[in-house]
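S.K.: take a look and give me a structure for this.
(3 chains)
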Amino acid sequence: MAKTYKSIALFSALLMGTGAALAGGPVDDKLVIDGEMEIQTRVAAPEGHPFDEIISGWHYRTEETRALEADSFQNPGMLYVERGEEIWNTVDGDAGKSCASCHEDAGEFLKGLGASYPKWNADAGKPFNIELQINQCREKNMQAKPYKFDAADQKALTTYIKHQSIGMPVEVDLTQGDMQAWWDKGKELYYTRTGQLNLACASCHEDYNGKYIRADHLSQGNVNGFPTYRLKQSEMVSLHNRFRGCIRDTRAEFPAAFSDDLMALEVYVTWRGSGLGVETPAVRQ
Amino acid sequence: MIITRRQMFGLTAGAAAVLAFNPQLSFAAPDETEAAIKAFTGGATPTEGTVSLDTPEIAENGNTVPVGVSVDSPMTADNFVESVLILADGNPNPAVATFHFTAMSGAADAKTRIRLAKTQNVIAVAKMNDGSTFIDRKEVKVTIGGCGG
Amino acid sequence: MATPKPRVKVPKKASKGEVITIKTLISHPMESGQRKDKKSGELIPRQIINKFTCEFNGQMVFSCDMDPAVSANPYMEFNAKVTESGTFKFTWVDDDGSVYETENKIAVE
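M.R.: Next comes the predicted model:
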């Protein structure tokens, strides 16, 4: 067995040689979109945070993937921002309204909004993310059907709304309602090992970020770029889709999208990225 | 010795495993790639050089791999690049795309994004208006992702 | 699927004889014909954009024949030499016969 261990280690070392471009921790580089807008991708962590420095997942990707995000024309996620803008202005439902019917000045109304979600919703008595807020508006104000989880229009509209806060720092307000209690619950879930592989979120993203899981470079798992354009799916991937994917990969039963568990996790994980600039639509592998 | 999960983590962490092999799919035989080149050149064997491919050494995901091609040519009405064939010799079908240029292109450069099913060679074959042909090949290593694959 | 939407980036101005760079992107899944439906196990039929062309004042500048190995949301970057003001016409042809078009003007001084 010892021999096997050594040969695997040697194999790893050899591969490390060929993968020099991918080796090591986060890349020392700056995300400047179109040569104009610098995004905060490395910030000092607030007190009580497990890290000294909070680092965007952008730093863990290859040069080619990073370049895609730095060019707003080449970024395929921008196609969904444009589609989202169309939806924003399109009337739907029995009330004959679009989002724009109520929120007339989208530029003013949406600026910074996405950076402040998830937010306490007093009527619902729980935190709301943008998807839940959209659905509440659709049902109450537009008399339209709520979107099903990960419907193409839900992803595009969420991407458009989030993008209006690009570059603005992520800031979750934990003083509202019971947000602190949801944060506590989210933290507990973050550190709870689950599944046949017995992994917690923290096992990869806190203990081993900067290292590899097979050929994948583990990031800190920050969510400031969601919804994110993933090269693997070649389309937008929502945060709850990614949560479920990660949990599935631990070989555990995964909770429903927008369930209390995943909302608590969203509150906590978003807080872990406090101060990072919104990157939506980020580009990841 | 029993390898614990913790040690296993360390091992996989060290292995920037640059490999991808999916036995469920059938891949193009090299013959198919050669046949596609011959069909494009009219049977001639293309000369190395003049055309150059720009590809990443390692692609983080095979679904979206940036590829650029550039041909050294004055691009005038009587001396220009007609077309460039792009092939991937390890895909289920080696054909990827064919770029067609004219003197109005100004430069015989083009970029796109392609799908690579596994680590393989990307091939560019350029055909000039006088019928001469040139070739470049670059290997692209395609990585497999984390636990999700 | 929403109707594929093209995006094109062409400089608004150029000097006579300048070689400009043009970038294009269109939303399209480029269904390769190799994937299986996860539920039914059946092959999903191929549907891709198979041809892209760029014309300037009615003359062909650049074109591309695409196979299923071109990524979803196909991106094309190429050049054009401009000697007069005019209009670029961009055309994408879908396997189902649909044609998506857009135009951009350029002023050449």
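S.K.: for the record, mean pLDDT for whichever helix in chain B runs longest?
M.R.: Using DSSP state H, we find that the single longest helix of chain B is helix B:30-41. Helix B:30-41 carries an average pLDDT of 92.
S.K.: now swap in stretch B:140-149 and tell me
M.R.: Mean predicted confidence for stretch B:140-149 is 73.
S.K.: repeat that for stretch B:64-77.
M.R.: Here the average pLDDT along stretch B:64-77 is 96.
S.K.: what pLDDT does the nearest residue to A:Asn135 once chain neighbours are set aside get?
M.R.: Of all residues not flanking A:Asn135 in the chain, A:Pro146 sits nearest, at 3.8 Å (C-beta to C-beta, 6 or more residues apart in numbering or on different chains). All C-beta spots, glycine's among them, are computed from the backbone N, C-alpha and C. For A:Pro146, the model assigns a pLDDT of 97.
S.K.: and the residue in chain C positioned nearest to chain B, helix, strand or coil?
M.R.: Going by C-beta to the nearest C-beta, chain B is nearest to C:Lys81 of chain C, at 3.1 Å. Taking DSSP: H, G, I helix; E, B strand; the rest coil as the rule, one finds C:Lys81 in the strand state.
S.K.: what residues are up against the nearest residue to it once chain neighbours are set aside?
M.R.: Excluding its sequence neighbours, the residue lying closest to C:Lys81 (C-beta to C-beta, 6+ apart) is B:Gly106, at 3.1 Å. Counting by C-beta atoms under 8 Å, 6 or more residues apart in numbering or on different chains, B:Gly106 touches B:Met75, C:Val19, C:Ile20, C:Asn79, C:Ala80, C:Lys81.
S.K.: repeat that for 6 Å
M.R.: B:Met75, C:Val19, C:Asn79, C:Ala80, C:Lys81 (C-beta atoms under 6 Å, 6 or more residues apart in numbering or on different chains).
S.K.: what do you get for A:Trp182?
M.R.: Counted by C-beta under 6 Å, 6+ apart, A:Trp182 has contacts A:Pro127, A:Ala264, A:Val267.
S.K.: phi, psi of it?
M.R.: Taking degrees, to the nearest 10, you get phi -70, psi -40 for the backbone angles of A:Trp182.
S.K.: just the buried residues of whatever helix or strand A:Asp184 lives in, please?
M.R.: Using DSSP states H and E, A:Asp184 sits in helix A:179-190. Applying a neighbour-count criterion of 16 or more other C-beta atoms under 10 Å in any protein chain shown, one finds A:Met179, A:Trp182, A:Trp183, A:Lys185, A:Gly186, A:Lys187, A:Leu189, A:Tyr190 buried in helix A:179-190.
S.K.: tell me the average confidence for that helix?
M.R.: For helix A:179-190, the per-residue pLDDT averages 98.
S.K.: with stretch B:117-136 instead?
M.R.: 96.
S.K.: hmm, that stretch in reach of chain A?
M.R.: No: Stretch B:117-136 is not in contact with chain A by C-beta under 6 Å from any C-beta of the partner chain; minimum separation 10.7 Å.
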